[in-house]
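Peer 1: sequence? don't have it. structure:
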(Lines give C-alpha, C1' and ligand atoms only; values in the text may rest on other atoms or scores of the structure.)
Protein backbone atom coordinates (compact mmCIF):
# COMPACT_ATOMS: atom_id res chain seq x y z
CA UNK A 1 0.00 0.00 0.00
CA UNK A 2 1.40 3.39 -1.00
CA UNK A 3 0.65 6.39 1.17
CA UNK A 4 1.85 8.93 -1.41
CA UNK A 5 1.70 9.42 -5.16
CA UNK A 6 4.33 10.99 -7.39
CA UNK A 7 3.03 13.81 -9.58
CA UNK A 8 5.44 15.60 -11.96
CA UNK A 9 8.40 14.62 -9.84
CA UNK A 10 6.86 15.90 -6.60
CA UNK A 11 5.47 13.95 -3.67
CA UNK A 12 1.96 14.80 -2.62
CA UNK A 13 -0.41 13.25 -0.17
CA UNK A 14 -2.74 10.79 -1.85
CA UNK A 15 -5.90 12.55 -0.66
CA UNK A 16 -7.22 14.73 2.08
CA UNK A 17 -9.59 12.12 3.56
CA UNK A 18 -7.20 9.50 5.02
CA UNK A 19 -7.33 7.40 1.83
CA UNK A 20 -4.51 5.59 0.06
CA UNK A 21 -3.84 4.51 -3.52
CA UNK A 22 -2.94 0.89 -4.28
CA UNK A 23 -0.80 -0.46 -7.13
CA UNK A 24 -3.78 -0.60 -9.48
CA UNK A 25 -4.52 3.06 -8.92
CA UNK A 26 -7.66 2.40 -6.90
CA UNK A 27 -8.41 4.46 -3.82
CA UNK A 28 -8.33 2.44 -0.60
CA UNK A 29 -9.96 4.01 2.44
CA UNK A 30 -7.89 3.69 5.60
CA UNK A 31 -9.53 6.01 8.14
CA UNK A 32 -10.59 4.26 11.32
CA UNK A 33 -8.52 1.17 10.55
CA UNK A 34 -5.68 2.00 12.94
CA UNK A 35 -5.60 2.94 16.59
CA UNK A 36 -2.72 4.03 18.79
CA UNK A 37 -2.12 1.88 21.84
CA UNK A 38 -2.24 3.83 25.10
CA UNK A 39 0.39 1.50 26.55
CA UNK A 40 3.19 1.10 24.01
CA UNK A 41 2.06 4.01 21.76
CA UNK A 42 2.33 1.77 18.71
CA UNK A 43 -0.28 1.71 15.92
CA UNK A 44 -2.54 -1.35 15.90
CA UNK A 45 -4.64 -2.58 13.02
CA UNK A 46 -8.15 -2.28 14.43
CA UNK A 47 -9.43 -5.69 13.21
CA UNK A 48 -6.39 -7.30 14.89
CA UNK A 49 -7.21 -5.49 18.12
CA UNK A 50 -10.85 -6.58 18.02
CA UNK A 51 -9.84 -10.17 17.26
CA UNK A 52 -7.63 -10.07 20.36
CA UNK A 53 -10.55 -9.03 22.64
CA UNK A 54 -9.43 -5.39 22.53
CA UNK A 55 -6.08 -6.21 24.11
CA UNK A 56 -2.92 -4.85 22.49
CA UNK A 57 -1.06 -7.81 20.92
CA UNK A 58 2.27 -6.04 21.51
CA UNK A 59 2.18 -4.86 25.12
CA UNK A 60 -1.06 -6.50 26.42
CA UNK A 61 -2.63 -3.17 27.30
CA UNK A 62 -6.33 -3.78 28.00
CA UNK A 63 -8.56 -1.29 26.21
CA UNK A 64 -11.94 -0.40 27.71
CA UNK A 65 -14.90 -2.37 26.40
CA UNK A 66 -18.62 -1.76 26.81
CA UNK A 67 -21.16 -3.53 28.98
CA UNK A 68 -22.79 -5.37 26.07
CA UNK A 69 -19.45 -6.67 24.83
CA UNK A 70 -18.48 -7.67 28.36
CA UNK A 71 -21.64 -9.71 28.80
CA UNK A 72 -21.15 -11.32 25.40
CA UNK A 73 -17.59 -12.34 26.30
CA UNK A 74 -18.58 -13.97 29.59
CA UNK A 75 -22.02 -15.50 29.12
CA UNK A 76 -23.05 -18.24 26.75
CA UNK A 77 -25.41 -17.35 23.87
CA UNK A 78 -29.05 -17.18 24.93
CA UNK A 79 -28.57 -14.98 28.01
CA UNK A 80 -31.36 -12.57 28.96
CA UNK A 81 -31.04 -8.88 29.80
CA UNK A 82 -33.14 -8.00 32.84
CA UNK A 83 -33.97 -5.11 35.20
CA UNK A 84 -33.97 -2.54 32.40
CA UNK A 85 -36.17 0.48 31.79
CA UNK A 86 -34.98 2.58 34.75
CA UNK A 87 -34.02 6.20 34.04
CA UNK A 88 -32.85 9.01 36.30
CA UNK A 89 -35.38 11.71 37.17
CA UNK A 90 -32.69 14.36 37.86
CA UNK A 91 -33.81 14.82 41.49
CA UNK A 92 -31.80 18.04 42.02
CA UNK A 93 -32.58 19.66 38.65
CA UNK A 94 -28.79 19.95 38.45
CA UNK A 95 -26.89 22.23 36.07
CA UNK A 96 -23.16 22.90 35.77
CA UNK A 97 -21.78 23.84 32.34
CA UNK A 98 -24.92 22.23 30.95
CA UNK A 99 -28.06 20.69 32.45
CA UNK A 100 -27.80 17.15 33.78
CA UNK A 101 -30.89 16.24 31.76
CA UNK A 102 -28.98 17.06 28.56
CA UNK A 103 -26.02 14.98 29.71
CA UNK A 104 -28.33 12.05 30.31
CA UNK A 105 -30.01 12.35 26.92
CA UNK A 106 -26.66 12.61 25.14
CA UNK A 107 -25.31 9.54 26.95
CA UNK A 108 -28.48 7.56 26.26
CA UNK A 109 -28.33 8.40 22.56
CA UNK A 110 -24.61 7.64 22.30
CA UNK A 111 -24.73 4.28 24.10
CA UNK A 112 -28.28 3.08 23.50
CA UNK A 113 -28.56 2.40 27.25
CA UNK A 114 -30.85 3.84 29.89
CA UNK A 115 -27.93 4.28 32.29
CA UNK A 116 -24.41 3.06 33.04
CA UNK A 117 -25.33 -0.54 33.85
CA UNK A 118 -26.71 -3.73 32.32
CA UNK A 119 -27.99 -6.80 34.18
CA UNK A 120 -28.15 -10.23 32.60
CA UNK A 121 -28.96 -13.77 33.64
CA UNK A 122 -27.47 -16.72 31.82
CA UNK A 123 -24.87 -19.45 31.80
CA UNK A 124 -21.20 -18.93 32.54
CA UNK A 125 -19.96 -22.31 31.38
CA UNK A 126 -21.97 -24.82 33.46
CA UNK A 127 -22.97 -22.21 36.06
CA UNK A 128 -26.23 -20.25 36.05
CA UNK A 129 -25.26 -16.73 37.17
CA UNK A 130 -26.50 -13.18 37.53
CA UNK A 131 -24.14 -10.73 35.83
CA UNK A 132 -24.11 -6.95 36.24
CA UNK A 133 -21.76 -5.00 33.93
CA UNK A 134 -21.05 -1.28 34.12
CA UNK A 135 -20.73 0.97 31.05
CA UNK A 136 -17.89 3.50 31.41
CA UNK A 137 -18.85 5.47 28.31
CA UNK A 138 -22.12 6.50 30.03
CA UNK A 139 -21.04 9.58 32.03
CA UNK A 140 -17.87 7.83 33.17
CA UNK A 141 -19.74 4.81 34.53
CA UNK A 142 -20.79 7.00 37.45
CA UNK A 143 -23.13 5.51 40.04
CA UNK A 144 -26.40 7.34 40.50
CA UNK A 145 -29.80 6.15 41.72
CA UNK A 146 -30.43 4.01 38.61
CA UNK A 147 -27.06 2.23 38.77
CA UNK A 148 -27.49 1.64 42.50
CA UNK A 149 -31.03 0.30 42.12
CA UNK A 150 -30.07 -1.92 39.17
CA UNK A 151 -27.15 -3.49 41.03
CA UNK A 152 -29.30 -3.92 44.14
CA UNK A 153 -31.87 -5.75 42.00
CA UNK A 154 -29.10 -7.99 40.65
CA UNK A 155 -28.06 -8.80 44.23
CA UNK A 156 -31.63 -9.61 45.23
CA UNK A 157 -32.11 -11.71 42.10
CA UNK A 158 -28.96 -13.69 42.91
CA UNK A 159 -30.03 -14.20 46.54
CA UNK A 160 -33.58 -15.27 45.77
CA UNK A 161 -32.53 -17.53 42.89
CA UNK A 162 -29.45 -18.77 44.75
CA UNK A 163 -27.29 -18.01 41.75
CA UNK A 164 -23.74 -16.63 42.00
CA UNK A 165 -23.45 -12.90 41.39
CA UNK A 166 -20.72 -11.39 39.21
CA UNK A 167 -20.31 -7.63 38.94
CA UNK A 168 -17.94 -6.07 36.40
CA UNK A 169 -16.99 -2.64 37.75
CA UNK A 170 -15.88 0.25 35.54
CA UNK A 171 -16.58 3.61 37.10
CA UNK A 172 -15.32 7.04 38.00
CA UNK A 173 -17.32 6.87 41.24
CA UNK A 174 -20.56 8.33 42.55
CA UNK A 175 -22.57 10.55 40.20
CA UNK A 176 -22.42 13.84 42.04
CA UNK A 177 -25.06 15.45 39.82
CA UNK A 178 -27.48 13.47 42.00
CA UNK A 179 -25.90 14.61 45.27
CA UNK A 180 -26.65 12.60 48.39
CA UNK A 181 -28.93 10.31 46.37
CA UNK A 182 -25.83 8.94 44.62
CA UNK A 183 -23.95 8.53 47.91
CA UNK A 184 -26.84 6.55 49.41
CA UNK A 185 -26.29 3.86 46.79
CA UNK A 186 -23.06 2.76 48.51
CA UNK A 187 -24.91 1.83 51.71
CA UNK A 188 -27.86 0.42 49.77
CA UNK A 189 -25.78 -2.03 47.72
CA UNK A 190 -23.51 -2.92 50.64
CA UNK A 191 -26.54 -3.83 52.76
CA UNK A 192 -27.92 -6.02 49.98
CA UNK A 193 -24.53 -7.74 49.65
CA UNK A 194 -24.50 -8.43 53.39
CA UNK A 195 -27.82 -10.25 52.96
CA UNK A 196 -26.34 -12.16 50.02
CA UNK A 197 -23.42 -13.19 52.22
CA UNK A 198 -25.80 -14.34 54.97
CA UNK A 199 -27.52 -16.52 52.37
CA UNK A 200 -24.11 -18.06 51.46
CA UNK A 201 -24.46 -17.11 47.77
CA UNK A 202 -21.09 -16.35 46.12
CA UNK A 203 -20.24 -12.87 44.88
CA UNK A 204 -17.29 -12.15 42.59
CA UNK A 205 -16.28 -8.63 41.58
CA UNK A 206 -14.20 -8.01 38.46
CA UNK A 207 -12.49 -4.63 38.62
CA UNK A 208 -11.58 -3.04 35.28
CA UNK A 209 -9.97 0.21 34.22
CA UNK A 210 -10.91 2.45 35.95
CA UNK A 211 -12.68 1.54 39.19
CA UNK A 212 -12.57 4.51 41.54
CA UNK A 213 -14.47 6.65 44.03
CA UNK A 214 -17.63 5.45 45.72
CA UNK A 215 -17.76 2.26 43.67
CA UNK A 216 -14.39 1.16 45.08
CA UNK A 217 -15.49 2.32 48.53
CA UNK A 218 -18.50 0.01 48.43
CA UNK A 219 -19.42 -3.03 46.35
CA UNK A 220 -16.23 -3.30 44.26
CA UNK A 221 -14.20 -4.41 47.26
CA UNK A 222 -16.81 -6.59 48.97
CA UNK A 223 -16.57 -9.71 46.81
CA UNK A 224 -15.83 -13.16 48.12
CA UNK A 225 -13.27 -12.95 45.34
CA UNK A 226 -11.96 -9.64 44.00
CA UNK A 227 -10.07 -9.90 40.74
CA UNK A 228 -8.91 -7.33 38.20
CA UNK A 229 -7.72 -6.99 34.65
CA UNK A 230 -4.03 -6.12 34.12
CA UNK A 231 -3.09 -2.47 34.46
CA UNK A 232 -6.48 -1.31 35.75
CA UNK A 233 -6.57 1.90 37.78
CA UNK A 234 -8.23 1.06 41.10
CA UNK A 235 -8.58 3.38 44.05
CA UNK A 236 -10.68 5.99 45.81
CA UNK A 237 -9.08 9.36 44.99
CA UNK A 238 -6.97 9.63 41.85
CA UNK A 239 -3.15 9.52 42.07
CA UNK A 240 -2.75 13.17 41.08
CA UNK A 241 -5.08 14.29 43.88
CA UNK A 242 -3.17 12.13 46.37
CA UNK A 243 0.19 13.54 45.28
CA UNK A 244 -1.09 17.10 45.60
CA UNK A 245 -2.49 16.34 49.06
CA UNK A 246 0.50 14.56 50.62
CA UNK A 247 3.07 16.44 48.49
CA UNK A 248 5.03 13.29 47.82
CA UNK A 249 5.79 11.31 44.69
CA UNK A 250 3.83 8.07 44.59
CA UNK A 251 5.51 4.70 43.90
CA UNK A 252 5.70 3.42 40.34
CA UNK A 253 2.49 1.67 39.33
CA UNK A 254 0.60 3.01 42.36
CA UNK A 255 -3.14 2.11 42.26
CA UNK A 256 -2.66 -0.28 39.35
CA UNK A 257 -3.86 -3.88 39.54
CA UNK A 258 -0.43 -5.43 39.97
CA UNK A 259 0.50 -3.01 42.78
CA UNK A 260 -2.75 -3.75 44.64
CA UNK A 261 -2.28 -7.49 44.21
CA UNK A 262 1.19 -7.21 45.73
CA UNK A 263 -0.23 -5.27 48.69
CA UNK A 264 -3.06 -7.76 49.29
CA UNK A 265 -6.01 -5.69 48.09
CA UNK A 266 -6.82 -8.12 45.25
CA UNK A 267 -7.01 -11.88 45.00
CA UNK A 268 -5.84 -12.14 41.39
CA UNK A 269 -5.01 -10.23 38.23
CA UNK A 270 -6.39 -12.08 35.19
CA UNK A 271 -5.86 -11.44 31.47
CA UNK A 272 -9.10 -10.81 29.59
CA UNK A 273 -8.59 -13.87 27.42
CA UNK A 274 -8.42 -16.07 30.53
CA UNK A 275 -11.15 -14.33 32.52
CA UNK A 276 -14.07 -16.55 31.56
CA UNK A 277 -12.25 -19.80 32.28
CA UNK A 278 -10.92 -18.34 35.55
CA UNK A 279 -14.42 -17.42 36.69
CA UNK A 280 -15.74 -20.88 35.80
CA UNK A 281 -13.02 -22.50 37.92
CA UNK A 282 -13.60 -20.05 40.77
CA UNK A 283 -17.31 -20.82 40.85
CA UNK A 284 -16.50 -24.51 41.18
CA UNK A 285 -14.81 -23.67 44.50
CA UNK A 286 -17.56 -21.26 45.54
CA UNK A 287 -20.57 -23.42 44.75
CA UNK A 288 -23.78 -22.25 46.39
CA UNK A 289 -24.73 -24.79 49.05
CA UNK A 290 -28.14 -26.42 48.75
CA UNK A 291 -30.92 -25.05 50.94
CA UNK A 292 -31.30 -27.03 54.15
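Peer 2: It's in. No experiment lies behind these values; they were computed from the predicted model shown. Residues are numbered from 1 along each chain as shown.
Peer 1: make it CA atoms for all contacts and neighbour counts henceforth
Peer 2: Fine.
Peer 1: buried ones in stretch 42-51?
Peer 2: By neighbour count on 16 or more other Cα atoms under 10 Å, the buried set for stretch 42-51 is 44, 46, 49.
Peer 1: can you check stretch 67-80 too?
Peer 2: Applying a neighbour-count criterion of 16+ other Cα under 10 Å, one finds 67, 68, 70, 71, 73, 74, 75, 79 buried in stretch 67-80.
Peer 1: and for stretch 192-207?
Peer 2: Buried residues in stretch 192-207, counted by 16+ other Cα under 10 Å: 192-193, 196-197, 199-207.
Peer 1: residue ranges in the chain under the pLDDT threshold?
Peer 2: Residue ranges of the chain with pLDDT under 70: 1-31, 288-292.
Peer 1: so where does residue 47 fall, helix or strand?
Peer 2: Assigned by DSSP states H and E, residue 47 falls within helix 46-51.
Peer 1: next helix or strand past that helix?
Peer 2: Remark: after helix 46-51, the chain's next helix or strand is helix 67-74, criterion DSSP H and E.
Peer 1: quick one: contacts for residue 85?
Peer 2: Residues near residue 85 by Cα atoms under 8 Å, 6 or more residues apart in numbering: residue 114.
Peer 1: any idea how far the residue nearest in space to the middle of the chain is from residue 204?
Peer 2: Using Cα atoms, centre = their mean, the residue of the chain that lies closest to the mean C-alpha position is residue 170, 3.6 Å off. Distance, residue 170 to residue 204, by Cα to Cα, to the nearest Å: 14 Å.
Peer 1: distance between the ends of stretch 166-178?
Peer 2: 26 Å.
Peer 1: which residue ranges of the stretch 101-250 of the chain form helices?
Peer 2: With DSSP state H, counting those that start in this stretch as the criterion, the stretch 101-250 of the chain has helices at 145-161, 180-198, 213-216, 239-246.
Peer 1: how many residues are close by residue 229?
Peer 2: With neighbours defined by other Cα atoms under 10 Å, the count for residue 229 comes to 22.
Peer 1: isn't it right next to residue 257, touching?
Peer 2: Yes - applying Cα atoms under 8 Å as the test, residue 229 and residue 257 come out as touching, 7.0 Å apart.
Peer 1: so which of the buried residues of stretch 42-51 is the closest to residue 282?
Peer 2: Lowest distance from residue 282 to the buried residues of stretch 42-51 (Cα to Cα) belongs to residue 49, with 27.7 Å.
Peer 1: list the residues that contact that closest one.
Peer 2: Contacts of residue 49 by Cα under 8 Å, 6+ apart are 55, 56, 57.
Peer 1: then residue 276?
Peer 2: With contact taken as Cα under 8 Å, 6+ apart, residue 276 is in contact with 73, 74, 124.
Peer 1: that older thread, how far does the helix holding residue 47 sit from the chain's center?
Peer 2: Mean-position distance between helix 46-51 and its chain equals 19 Å (Cα atoms, centre = their mean, to the nearest Å).
Peer 1: with stretch 83-93 instead?
Peer 2: Using Cα atoms, centre = their mean, the offset of stretch 83-93 from its chain centre is 21 Å.
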